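Trainee: Provide a 3D model corresponding to the input given below.
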Amino acid sequence: MTTEKPEPRLRVIASGARTDCDQCEARDRCPGAGLNDEQLKALAAISTTRGPYKPGEAIYRMEDRFHSLFVVQTGAVKVESVSDEGDALVDGFYFSGEMFGVDAIGDSRYRNDAVAMESTWVCELPYDKLEHLCGQIPELQHKIFKLLGHQIRQINNNLVHNRGLPAEKRVMMFLQTLSESNVIRRNEAGRFRLPISKGDIACYLGLRPESLSRALSKLAAEGVIRNNAKLIELVESETAFELAYK
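Mentor: Below is the predicted model of the structure:
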């Protein structure tokens, strides 16, 4: 006899709290960016703000029933799974305005865990309602297709093209992608700290911890990053990138 798995336990700021898109910090990068006021209002009507999720807390777990897509409002999320051999895998990182959970589309269950890396708020978009709304708002459907295409290209680059590169270049391209995407909040000097552990970066890039350590030391010596004990601070400088890997 089989039993249904329980629905994921989602933390909510208030019962039935709706997203105020005008106040959302991710409004210029989320699927609703570029919609007119009426369209944005329709999107907000199906959205729910959830959080705050503490570091290490799951938004959903592998094998939870698929019901929604999520957009990071503030904070950062990693998506992780386990290989057939039992090894931990990091499948991706998501920051403000980025949508996750899309790999479960067409399936009945989520295929991985989505875990907050820092204090995080997300916007939940019930998939059945979002699908219906896309039929009414072609601009929204077009934007979501563009986001899906972007994610597919990122996965393809990481798994196919970049895996054959030396460790230093793999790390450099990863950092450069984050820098160009402007998804992590920068300080007044234009620098940002990665809310990602070095272990997770190594896992995501398919590197051994010692290979990552050597690559980070090389980039720090070239002035591209500041490699602290727990945090990596990227020194925002196109010149630094060009000098490192021209």
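Trainee: the helices in this protein, which residues?
Mentor: For the chain, the helices identified by DSSP state H occupy 37-46, 127-136, 138-156, 167-181, 198-205, 209-221, 238-244, in order along the chain.
Trainee: Now render these as JSON lines, adding mean pLDDT, distance to residue 65 and mean neighbour count.
Mentor: Glycine gets a C-beta too; all of them are placed from N, C-alpha and C. JSON lines is the format used below for the helices of the chain (pLDDT from 0 to 100; distance: least, Cβ to Cβ, whole Å; neighbours: other Cβ atoms under 10 Å):
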{"stretch": "helix 37-46", "mean pLDDT": "91", "distance to residue 65": "18", "mean neighbour count": "15"}
{"stretch": "helix 127-136", "mean pLDDT": "95", "distance to residue 65": "11", "mean neighbour count": "14"}
{"stretch": "helix 138-156", "mean pLDDT": "85", "distance to residue 65": "21", "mean neighbour count": "14"}
{"stretch": "helix 167-181", "mean pLDDT": "83", "distance to residue 65": "31", "mean neighbour count": "18"}
{"stretch": "helix 198-205", "mean pLDDT": "91", "distance to residue 65": "26", "mean neighbour count": "19"}
{"stretch": "helix 209-221", "mean pLDDT": "90", "distance to residue 65": "35", "mean neighbour count": "17"}
{"stretch": "helix 238-244", "mean pLDDT": "48", "distance to residue 65": "43", "mean neighbour count": "14"}
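Trainee: Residue 116 is nearest to which of those helices?
Mentor: Across the helices of the chain, the minimum distance to residue 116, taken as Cβ to Cβ, is reached by helix 198-205, at 12.7 Å.
Trainee: what does that closest one contact?
Mentor: Helix 198-205 has contacts (Cβ atoms under 8 Å, 6 or more residues apart in numbering) with 78, 80, 88-93, 117, 158, 162, 167, 170-171, 174, 194, 207-209, 211-213, 216, 232.
Trainee: now with 6 Å?
Mentor: 90, 170, 209, 212 (Cβ atoms under 6 Å, 6 or more residues apart in numbering).
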